[in-house]
Every structure is written in C-alpha cells, then in structure tokens.
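# with the input below, show me the fold.
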Amino acid sequence: MQTLMLTPWMAPHKIISWQRAVVLTYLGKVEVIETWDAELRGPSATMLTPAVVRLKKGSVSTKQSVRFSRVNVFTRDKFRCQYCGEKKTLKQLNYDHVVPRVQGGKTVWENIVTSCYPCNDRKGSRTPEQAGMKLLRQPKKPTSLPVVPPIRLSDGALPETWQPYCDGFQEPAPLSA
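The predicted structure follows:
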C-alpha cells in the first residue's frame, strides 16, 4: 500500500510508503487528504492509513536535483529504447553506457541511455558509432522528471482514490509485449 504525496498546490509530487506518510503526518509536515480503509492502531492512537497527503507550505523542499537511478533514466527516456525507439516495460529495459566502461565511460546522466536487451546486445562494448547505431537523442541530466513517475499497480491502473489528483499528469503505462 502506497501514498500519493501532493505539493502544497495540490499537484502530484511523488509516491511514498504509507509508513513514511504516517511519520510525516505526526511530524506535522503533511496533512491527510484521503485515506485507505485499513486502520492503523498504536498504543495511544488509531488512524486510517493515508492514501493521499498534501505537503504543508515550506515543510519539505520540492526543488531537489534529480537523483541518478535506473528508473529515473527510464523515466527521462519515456521508457523508450534510445536506439530502436520502441517503448518497453520496465522488465524489458536495461541501461546502456554510450561510451562503454571498458573505453573509460562513466556511469553518469550524460553517458547513460535506456536500451532494450536486443539493442544492448547488438551494441556490446562499442560506442554507437563503432556499432553502426544512432541514438534518438543525446543523454543529458534532467532538471526535473514528470510530476508522477509511471509507477503502476499490477493491474496497470492508478488507485481510484488517486485519480482526481493525477488527471492530466499521468501518461499511459507501456504495453506488455
């Protein structure tokens, strides 16, 4: 069970664990907007599990640099292989060093792109030029990512409770092959 965190302006910010939402609630950093049906019981308090919380103004900075991670690389590249252009699911993707590590390439935003496994195998330990492949676009460090990353439940849909807050901020999940 997860919790949708909204900015003070009610726009989707990120998805956090319900445990983190409870801690932020008790610290006074968020207010609970919607709840799940599950009840949480403690020695001195009982509450419903937070489904949607809103940051209180000035409590948690929403201006952070984008952390380098596999999922953030895929999100930056819109879950699309940067060699063949096909949109894939998370399990069908890998990230690729444009300049391979064996040739001195680093694991940084500017040298990593999303690739599907067939394109990654075809490229091997070569640069795209050496492998006769073209990149759709040069990789660069993003200044931001979509407000709500494409995180989905197993059925491929956002929880119904989150829908009113995510309208216009969410793109469809990639189709499974």
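
# these two touch, right, residue 33 and residue 55?
No. Using Cβ atoms under 8 Å, residue 33 makes no contact with residue 55, being 10.7 Å away. Every residue, glycine included, has its C-beta placed from N, CA and C.

# which neighbours do the two share?
residue 6 (Cβ atoms under 8 Å, 6 or more residues apart in numbering).

# looking at those two, which has the bigger crowd around it?
More crowded of residue 33 and residue 55, by other Cβ atoms under 10 Å: residue 55, with 20 against 17.

# any idea how far that one lies from residue 35?
17 Å (Cβ to Cβ, to the nearest Å).

# longest strand anywhere in this structure?
strand 30-41 (DSSP state E).

# which positions within the helix or strand following that one qualify as buried?
For strand 30-41, the following helix or strand on the C-terminal side (DSSP states H and E) is strand 46-55. Residues of strand 46-55 classed as buried by neighbour count (16 or more other Cβ atoms under 10 Å): 49, 50, 51, 52, 53, 54, 55.

# what's the next helix or strand after strand 46-55 packed up against?
Beyond strand 46-55 on the C-terminal side, the first helix or strand identified by DSSP H and E is helix 70-76. Packing contacts for helix 70-76, counted by 3 or more Cβ pairs under 8 Å, 6 or more residues apart in numbering; DSSP states H and E, involve strand 93-97, strand 112-116.

# can you list contacts of the first one?
Counting by Cβ under 8 Å, 6+ apart, strand 93-97 makes contact with 70, 73-74, 79, 81-83, 105-107, 111-117, 119-120, 123, all of which sit outside it.

# give me the buried subset of the residues you listed.
73-74, 79, 81-83, 105, 111-116, 119-120, 123.

# rewinding a little: relative to strand 46-55, how tilted is the longest strand of the chain?
160 degrees (axes from the mean of the first three to the mean of the last three Cα atoms, to 10 degrees).

# tell me the helices and strands packed up against the lowest-mean-pLDDT helix or strand in the chain.
The weakest-scoring helix or strand in the chain, judged by mean pLDDT, DSSP states H and E, is helix 163-166 (a mean of 78). Applying 3+ Cβ pairs under 8 Å, 6+ apart, we find helix 163-166 packed against strand 2-6.
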